[in-house]
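Undergrad: following is a predicted model, sequence given first.
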Amino acid sequence: MDNRLSSPAPHPAFRYPPDETLEDLRQRVRRLLDDKAAGRWALLRAEWLYDLALLTNDFRVWMQRVDQRYDNSR
């Protein structure tokens, strides 16, 4: 089974600055994956929070690009 946490980024040329919250969530998911006694709901919730944080961060990065292109088009 593929592990999403260790897969390479789809766009390695553009790296946004590391976010402490994203890293904390990633480590929490990793700990729950390694903990055999962790409940399924706890793992599901942690993965959901991590995915949501990634999505909102990607949206933030996209909006920064849009803003930069808009400023340059004037």
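TA: Good, I have the coordinates.

Undergrad: when you work out contacts or count neighbours from here on, use the C-alpha atoms and nothing else.
TA: Will do.

Undergrad: would you mind measuring from residue 40 to residue 50?
TA: Using C-alpha to C-alpha, to the nearest Å, one gets 15 Å for the distance from residue 40 to residue 50.

Undergrad: nearest residue to the middle of this protein?
TA: residue 54 (3.0 Å; C-alpha atoms, centre = their mean).

Undergrad: list the contacts of that one.
TA: The contact partners of residue 54, taken as C-alpha atoms under 8 Å, 6 or more residues apart in numbering, are residue 22.

Undergrad: helix or strand: which one has it?
TA: Using DSSP states H and E, residue 54 sits in helix 40-72.

Undergrad: could I get the buried residue list for that helix?
TA: Residues of helix 40-72 classed as buried under the neighbour-count rule (16 or more other C-alpha atoms under 10 Å) are 43, 46-47, 49-50, 53-54.

Undergrad: closest to residue 35 out of the residues you listed?
TA: Distances from residue 35 to these, taken as C-alpha to C-alpha, are shortest for residue 43 (9.8 Å).

Undergrad: how close does the closest one get to residue 63?
TA: From residue 43 to residue 63 the distance is 30 Å (C-alpha to C-alpha).

Undergrad: also residue 57?
TA: In this view, residue 57 and residue 63 are 10 Å apart by C-alpha to C-alpha.

Undergrad: roughly how far is the helix or strand bottoming out on mean pLDDT in the chain from the heart of the chain?
TA: Lowest on mean pLDDT, DSSP states H and E among the helices and strands of the chain sits helix 40-72, with a mean of 86. The chain centroid and the centroid of helix 40-72 are separated by 7 Å under C-alpha atoms, centre = their mean, to the nearest Å.
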